[in-house]
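Novice: please find the sequence and the predicted model below.
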Amino acid sequence: RAQYLSNMANHVVDLDQENVGSLKQQIAKLFEESLRFTIPDELDVEPAIAPCQNPKFGDYQCNNAMGLWSKVKGKGTQFGGPQPIGQAIMKNLPSSEIIDSCSIAGPGFVNVVLSQQWIAKSIQRMLVNGVETWAPKLPVKRAVVDFSSPNIAKEMHVGHLRSTIIGDTLARMLEYSNVNVLRRNHVGDWGTQFGMLIEYLFEIFPNGEVNDQAIGDLEAFYKASKQRFDSDPAFKERAQQAVVSLQGGEERYRTAWAQICEISRKGYERVYERLGVELEEKGESFYNPYIPGALELLSKQGLIEESEGARVIFIEGKNIPLIVVKRDGGYNYASTDLAALWYRLNEEKVEWIIYVTDVGQREHFEMFFTAAKRAGWLPAEDNKYPKASHVGFGLVLGEDGKRFRTRSTETVKLVDLLDEAKNRCKTALIQRGKGQEWTEEELERTAEAVGYGAVKYADLKNNRTTNYTFNFDQMLNDKGNTAVYLLYAHARICSIIRKSGKDIEELKKVGTLELAHPDERVLGLHLLQFAETVEEACTNLLPNVLCEYLYNLSEDFTRFYTNCQVVGSAEETSRLLLCEATAVVMRKCFHLLGITPVYKI
Ligand code: ARG
């Protein structure tokens, strides 16, 4: 132990210890060795490790015995049933400082109680070397997250807000796991609606001097041009011609198109800025030059057929084929997505492509993924890479149970929505007397962190596939499972540490963390499960898994803090370190969820 502490003081990173993976993976590794030794004929059996259902029996359990028994029985095995197999698995476990004791339950489940000293040591090591050392290891190096992706000239609606929030979190979790993430804004900046928009632009600005103010409200501009399009056949004719001119690259049309896109972009930026979301725009137009080549490849493989004048790909089990060239010869959403997939796989060389849209688009993704599999662009098996995943999400509902809208307009202006969350927080802070206590700057920053954080968390805490009801009062409540509650819980921990008057950096080096009280142990174990939680959230693309972890962490902390005196106790140093470790992990959770932590309330 003396040796170990002096190493830590010198910040020597024990590489062997740093690269072992999540707690669950470390336990799995031990059982893997035991399984190889116990049943050498079944080498492909993966250890089945899970947290114990009932903490009375232990922390983790190995569930392999029953499955192994059904594999080996009748093959002249030495074992008389699942329980002896479990016994043998337990006996053959390599010795390790991780495990304190083991026991057998039922038909061969091996329960494991982890060593308290080891849990404490692992947490202390994280405090010294940083929470980055707890990053999970994923089997991919580079991924695309295709998210947000609004459509130019149309309103960015709450669906795009969900996509932005969920996509950003997934990107953050992958980035934390050392994946190189290409954050792609696949904006709808191409397609036939541009003919109409450009023609209308020419009508209102005949001399070509476009100004932002005049078409600042792009939604109104879109509606007005659509009305012209629907009511005037001559205009419609010109609009259709304009699409051809635009796609043919005619200068005047390209310029008008670029102007319209630029105005839209400024609108999105106001949302991204508030949310602190970074995106790189590669819109539909970017992939346009790649469409003919991609379709050519599919064609050569005999995937594309002629149907009612269009070119289509028939997909088994689907009534309608995937249209890749429309009857008028134009390309569409699907042809663009096929070209983008080809580009991402071959030019950007990514191994995982993640698309974040509402569940309504599931069919579209299923169909073009299937086409790509048939073409051999993607492997047929879902557990192999490169992989394409559609992350579908449900609707945002209003209090009336219908699609969320505000009173005044048909859709909700996202910027107004975010500003309202922030302003409500600011009012609440002023009511609590912070107006006098804090500077205006502090007040602003805190209101933003809490307000935007509340909107994000209310979205992320639900399983993404379900619809959820947007409710300011609920999401801004300082009790219950809300960002407000969690941010305050974190600030409270920071204030405990501050008020102790101790230098926590110094304690990390010279103090020792111990987990003697049962509530300390529960909290410590939960901290150690951070890596496997992020891993699960990444693998299954479920941010709510991380939210649940964070909420439980704050519950475990509360129980510990209620039952264990920190400041002034004999265990003060150890307990302050435990407070610090909780704050560090909470902050990492906030960071992964795109929420800015606050340090005082
Ligand atoms: N622009 C589309 C929409 O608003 C979302 C695009 C999603 N990404 C993609 N590659 N299809 O519905």
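Specialist: Received it, and whenever you're ready, just let me know what you need.

Novice: which residues sit against stretch 492-503?
Specialist: 504, 557, 561, 566-567, 572-573, 576, 579-580, 582-583, 586, 599-601 (Cβ atoms under 8 Å, 6 or more residues apart in numbering). Using the backbone N, CA and C atoms, a C-beta is placed for each residue, glycine as well.

Novice: the top helix by length along the chain - what's its average pLDDT?
Specialist: Counting by DSSP state H, the longest helix found in the chain is helix 251-275. What helix 251-275 shows for mean pLDDT is 92.

Novice: quick check, that helix touching the ligand?
Specialist: No - if you take Cβ under 6 Å from any ligand atom as the test, helix 251-275 misses the ligand, and the best it gets is 11.8 Å.

Novice: where does the spatially most central residue of the chain land in three-state SS?
Specialist: The residue lying closest to the centre of the chain (Cα atoms, centre = their mean) is Leu170, at 2.1 Å. Secondary structure for Leu170, judged by DSSP: H, G, I helix; E, B strand; the rest coil, is helix.

Novice: quick check: bridge partners of the closest residue to it other than its chain neighbours?
Specialist: Closest residue to Leu170 apart from its sequence neighbours, by Cβ to Cβ, 6 or more residues apart in numbering: Val145 at 5.6 Å. Counting by DSSP bridges, Val145 forms beta bridges with Arg183, Ile354.

Novice: now the strands for the stretch 201-350 of the chain?
Specialist: Taking DSSP state E, counting those that start in this stretch as the test, the strands found in the stretch 201-350 of the chain are 280-281, 305-307, 310-313, 322-325.

Novice: JSON lines for those, including mean neighbour count?
Specialist: Putting these into JSON lines (neighbours: other Cβ atoms under 10 Å) gives the following:
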{"stretch": "strand 280-281", "mean neighbour count": "12"}
{"stretch": "strand 305-307", "mean neighbour count": "12"}
{"stretch": "strand 310-313", "mean neighbour count": "20"}
{"stretch": "strand 322-325", "mean neighbour count": "22"}
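
Novice: relative to Ala135, which of the ones you listed is closest?
Specialist: strand 280-281 (22.9 Å; Cβ to Cβ).

Novice: surely the residue nearest to Leu170 and Val179 touch.
Specialist: No - with contact defined as Cβ atoms under 8 Å, Val145 does not count as touching Val179 (9.7 Å).

Novice: quick check on those two: which one has the bigger neighbour count.
Specialist: Val145 (30 against 21; other Cβ atoms under 10 Å).

Novice: and the gap between the more buried one and Glu366?
Specialist: 19 Å (Cβ to Cβ, to the nearest Å).

Novice: same check, this time on Tyr268
Specialist: 28 Å.

Novice: hang on, the earlier thing: of the contacts of stretch 492-503, buried ones?
Specialist: 504, 557, 561, 566, 572-573, 576, 579-580, 582-583, 586, 601 (16 or more other Cβ atoms under 10 Å).

Novice: biggest separation within those residues, which pair?
Specialist: Longest span within the buried ones among the contacts of stretch 492-503, Cβ to Cβ: Thr573 and Ile601, 25.4 Å.

Novice: buried sites along the strand or helix carrying Arg521?
Specialist: Using DSSP states H and E, Arg521 sits within helix 518-528. Within helix 518-528, the residues that qualify as buried are Asp519, Glu520, Arg521, Val522, Leu523, Gly524, Leu525, His526, Leu527, Leu528, counting by 16+ other Cβ under 10 Å.

Novice: if you skip the residues just before and after it, what's nearest to the first one?
Specialist: The spatial neighbour of Asp519 that comes closest, neighbours along the chain excluded (Cβ to Cβ, 6+ apart), is Phe560 at 4.4 Å.

Novice: does the one you found belong to a helix, a strand or coil?
Specialist: Quick answer, by three-state DSSP: Phe560 is helix.

Novice: which ones are touching it?
Specialist: His517, Asp519, Glu520, Val522, Leu523, Leu578.

Novice: among the residues you listed, which two are most distant?
Specialist: Val522 and Leu578 (11.2 Å).

Novice: hmm, which two among the contacts of stretch 492-503 are most spread apart?
Specialist: Of all pairs in the contacts of stretch 492-503, the most separated under Cβ to Cβ is Thr573 and Ile601 at 25.4 Å.

Novice: C-alpha coordinates for the helix or strand containing Asn423, PDB please?
Specialist: Assigned by DSSP H and E, Asn423 falls within helix 414-431. The C-alpha trace of helix 414-431 is given here as PDB (Å, rounded to 0.1, in the frame of the first residue of the first chain):
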ATOM      1  CA  LEU A 414     -37.500  26.900 -30.600                       C
ATOM      2  CA  VAL A 415     -35.500  29.900 -29.700                       C
ATOM      3  CA  ASP A 416     -38.500  31.300 -27.800                       C
ATOM      4  CA  LEU A 417     -39.000  28.000 -26.100                       C
ATOM      5  CA  LEU A 418     -35.400  27.900 -24.800                       C
ATOM      6  CA  ASP A 419     -35.500  31.500 -23.800                       C
ATOM      7  CA  GLU A 420     -38.700  30.900 -21.800                       C
ATOM      8  CA  ALA A 421     -37.000  28.100 -19.900                       C
ATOM      9  CA  LYS A 422     -34.100  30.300 -19.100                       C
ATOM     10  CA  ASN A 423     -36.200  33.300 -18.100                       C
ATOM     11  CA  ARG A 424     -38.400  31.200 -15.800                       C
ATOM     12  CA  CYS A 425     -35.200  30.000 -14.100                       C
ATOM     13  CA  LYS A 426     -33.900  33.500 -13.700                       C
ATOM     14  CA  THR A 427     -37.200  34.600 -12.100                       C
ATOM     15  CA  ALA A 428     -37.000  31.600  -9.700                       C
ATOM     16  CA  LEU A 429     -33.400  32.500  -8.800                       C
ATOM     17  CA  ILE A 430     -34.400  36.100  -8.100                       C
ATOM     18  CA  GLN A 431     -37.200  35.000  -5.900                       C
END
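
Novice: could you give me the average pLDDT of whichever helix or strand comes after that helix?
Specialist: For helix 414-431, the following helix or strand on the C-terminal side (DSSP H and E) is helix 434-437. Helix 434-437 carries an average pLDDT of 95.

Novice: which neighbouring elements make contact with the helix or strand following helix 434-437?
Specialist: As assigned by DSSP H and E, the chain's next helix or strand after helix 434-437 is helix 440-460. When contacts are defined as 3 or more Cβ pairs under 8 Å, 6 or more residues apart in numbering; DSSP states H and E, helix 440-460 sits against helix 158-176, helix 251-275, helix 414-431, helix 434-437, helix 472-475, helix 483-500, helix 543-563, helix 572-593.

Novice: quick one: buried residues of helix 440-460?
Specialist: 443, 446-460.

Novice: one step back: what lies in contact with the longest helix of the chain?
Specialist: 148, 150, 152-153, 156, 161, 164-165, 168, 185, 187, 189, 194, 197-198, 201-202, 208, 210, 212, 215-216, 218, 242, 245-246, 278-279, 281, 283, 414-415, 418-419, 422, 448, 452, 456, 594.

Novice: repeat that for stretch 285-305.
Specialist: By Cβ under 8 Å, 6+ apart, stretch 285-305 touches 189-190, 247, 311-314, 321, 324-325, 331, 335-336, 338-343, 371, 374-376.

Novice: swap the cut-off to 7 Å and go again
Specialist: Residues from elsewhere that reach stretch 285-305 (Cβ atoms under 7 Å, 6 or more residues apart in numbering): 189-190, 311-314, 324, 331, 335-336, 338-340, 342-343, 371, 374-375.
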